[in-house]
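Q: This is a predicted model, with the sequence first.
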Amino acid sequence: MTSRSPSATFRDPAGSLSFQDDLVIRRISAASRGDVVDLLDSSFCQTLQQRGDLIDALIDDSGETLILRHPRIPIPTYPWEWTPSQWLAAAELTLDLCEEALSAGWILKDATPLNILFQGGRPIFVDILSFERRDPHSSIWLAYGQYVRTFLLPLLMNRMLAWPLSLSLFKRDGYEPADCYAALGWGERLSRGAFWSITLPAVLDRRQEKRKSRRQDRRKEVREPSEAGSRTHPRRVADPEVTSSVLRRTWNDLRWRTRRAMPEGAPSDWSEYQGTLTHYTPEQSRKKLDWVRSAIATAQPKRVLDIGANTGEFSALAASAGAEVVALERDPAAADRLFLMARERKLAIQTIQADLARPTPAVGWENSESPGLLPRLEGQFDLVLMLAVIHHLILMEQIPIPAILSLCHRLTTRYLVVEWVPVEDPMYQSLMRGRDALYGGLSEADLLNACEGLFRTVYRQLLENGRVLFLFERV
């Protein structure tokens, strides 16, 4: 089974996208053909591609339409599934490309997280059509407002008011300063972080609206400078060195403000989970780790999905064994620690901050531009890890065991590792919350019955604390 492909894009008049097996096919409009060929032939573009910062592209110039063939990122993720540190990595890549493009005579005409995908822990810029030739006499970056709305303000509101970054699912073009201004108190509005990005733009917009209203009342057609006007008639100066200097200062300022917008990294219950385990002694934890290592050696997976990955202990184990890992974790703080760990250790781990019980839905026009999380994951892995997860799905989400195993059967092409937590376990008891009549009678036999027709048991390991580890194989 392969993940569902999003439909061809239609938002950029310079070209469109479609999907064919492991390739992304981009068709370039006649008006953009020459610039695209020049960009791809440039040493600037080739350097970015060799470095892995820009998606590769094979040119097919044999027909009337210029066609680019890009490799397909196996598991695409979207900004609403990223941790704060992933947002920062994508933002810094965008600004770095702007600076590097400047010297080569190019500039980014838009700046949105949707131009970025992650492969493992590395952000990759995938929208080649975002590059356009730069006017050397203009010091205006037309994508400035979009960068602020789509990168800076979501991070800033996450820091100041704990607005989840997942809300970007509903804000394709980001937050408006006026909306953020309305949500802040006066102390927050006047803070250093919010004043320049939120308060000043919101106040100026209000004044501009008042001027516009007065002009309409006087019925005069006087056009004053505005963002729209600056796009139509960008400010021009004579000296290209001056314009370059202004642009670099603009990007450095945005980089500084974006870093300051990052949350302070307050821990959560789950981000500190591994360090506060009470249901595992150190020796029991070591035996569990050794058993999982042995199961991975038996499975020899190429791709692993670690569900409920927490801060990534078992994801790192699979990646160290040579697998490409997708780590799914719903807790933002734990997922962020996982991402930073994988980057620091240069492990092939791709972090997705999402909840398996409430997976990301498909969004966009006709729900077909950005597919839901599960269609992107199904059938993509030869090993799925579900360590200390099933009891959470049963007790916190009220998901029946057969439904959980059915989903696992669709996710893996071969192996599944499950940690069964018995009713007597302290964690199970704390999550059951007195619902003994509903969940107090569940046992290992219920798990094995749910596996019938889906999985067979390869290995079973009873741990000293009563928990049971299984390696299942798909049938």
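A: Structure received.

Q: how many other residues sit next to K288?
A: 21 (other CB atoms under 10 Å). C-beta: built from backbone N, CA, C; applies to glycine.

Q: Hmm, it is touching L469, no?
A: Yes - with contact defined as CB atoms under 8 Å, K288 counts as touching L469 (6.9 Å).

Q: Find the residues that touch each one of the two.
A: Shared contacts of K288 and L469 (CB atoms under 8 Å, 6 or more residues apart in numbering): 419, 463.

Q: What helix or strand is L68 located in?
A: strand 66-71 (DSSP states H and E).

Q: For that strand, name the packing helices and strands.
A: If contacts are counted by 3 or more CB pairs under 8 Å, 6 or more residues apart in numbering; DSSP states H and E, strand 66-71 sits against strand 23-28, helix 33-41, strand 58-60.

Q: gap between the helix or strand hosting P375 and the chain center?
A: Assigned by DSSP H and E, P375 belongs to helix 373-377. Centroid separation for helix 373-377 versus its chain: 14 Å, with CA atoms, centre = their mean, to the nearest Å.

Q: could you point out which element follows that helix?
A: Sequence order places strand 381-386 as the next helix or strand after helix 373-377, per DSSP H and E.

Q: Show me what that following strand is packed up against.
A: Using 3+ CB pairs under 8 Å, 6+ apart: strand 381-386 touches helix 282-299, strand 303-307, helix 313-320, helix 401-411, strand 412-420.

Q: now do 7 Å
A: Using 3 or more CB pairs under 7 Å, 6 or more residues apart in numbering; DSSP states H and E, the elements in contact with strand 381-386 are strand 303-307, helix 401-411, strand 412-420.

Q: between these, which gets nearest to F381?
A: strand 303-307 (4.3 Å; CB to CB).

Q: Let's see that closest one as CSV, backbone CA atoms only.
A: C-alpha atoms of strand 303-307 as CSV (Å, rounded to 0.1, in the frame of the first residue of the first chain):
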residue,chain,number,x,y,z
ARG,A,303,12.0,1.9,7.9
VAL,A,304,10.6,2.0,11.4
LEU,A,305,7.6,3.9,12.8
ASP,A,306,8.0,4.6,16.5
ILE,A,307,4.5,5.4,17.9
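
Q: Just checking: what are the partner strands of the strand holding L68?
A: The pairing partners recorded for strand 66-71 under DSSP bridges are strand 23-28 (antiparallel), strand 58-60 (antiparallel).

Q: Of all these, which one is nearest F118?
A: strand 23-28 (15.5 Å).

Q: returning to that earlier point: for the helices and strands packed on strand 66-71, state which one has the densest average packing.
A: strand 23-28 (a mean of 19; mean count of other CB atoms under 10 Å).

Q: Can you name the residues in contact with that one?
A: Here strand 23-28 makes contact (CB atoms under 7 Å, 6 or more residues apart in numbering) with 14-18, 36, 65-72.

Q: mind listing what R260 touches?
A: Counting by CB under 7 Å, 6+ apart, R260 touches G193.

Q: for the contacts of strand 23-28, which one is nearest W196?
A: A14 (32.3 Å).

Q: what's the burial count for the nearest residue to the closest one once chain neighbours are set aside?
A: Once flanking residues are discounted, A14 sits nearest to S32: 4.1 Å by CB to CB, 6 or more residues apart in numbering. When neighbours are counted by other CB under 10 Å, S32 registers 17.

Q: which residues sit in contact with S32?
A: S32 neighbours (CB under 7 Å, 6+ apart): 14-15, 129.

Q: about what we covered before: out of the strands paired with strand 66-71, nearest to L416?
A: Closest approach to L416 among the strands paired with strand 66-71 (CB to CB): strand 23-28, 30.3 Å.

Q: Quick check: mean pLDDT of the closest one?
A: For strand 23-28, mean pLDDT rounds to 93.

Q: Quick check: phi and psi on the residue nearest the centre of the chain?
A: The residue lying closest to the centre of the chain (CA atoms, centre = their mean) is W82, at 3.3 Å. As for W82, its main-chain torsions (degrees, to the nearest 10) stand at phi -100, psi 160.

Q: Let me know the angle separating the strand or helix carrying F44 from helix 33-41.
A: Using DSSP H and E, F44 maps to helix 43-51. Interaxial angle, helix 43-51 versus helix 33-41 (axes from the mean of the first three to the mean of the last three CA atoms, to 10 degrees): 50 degrees.
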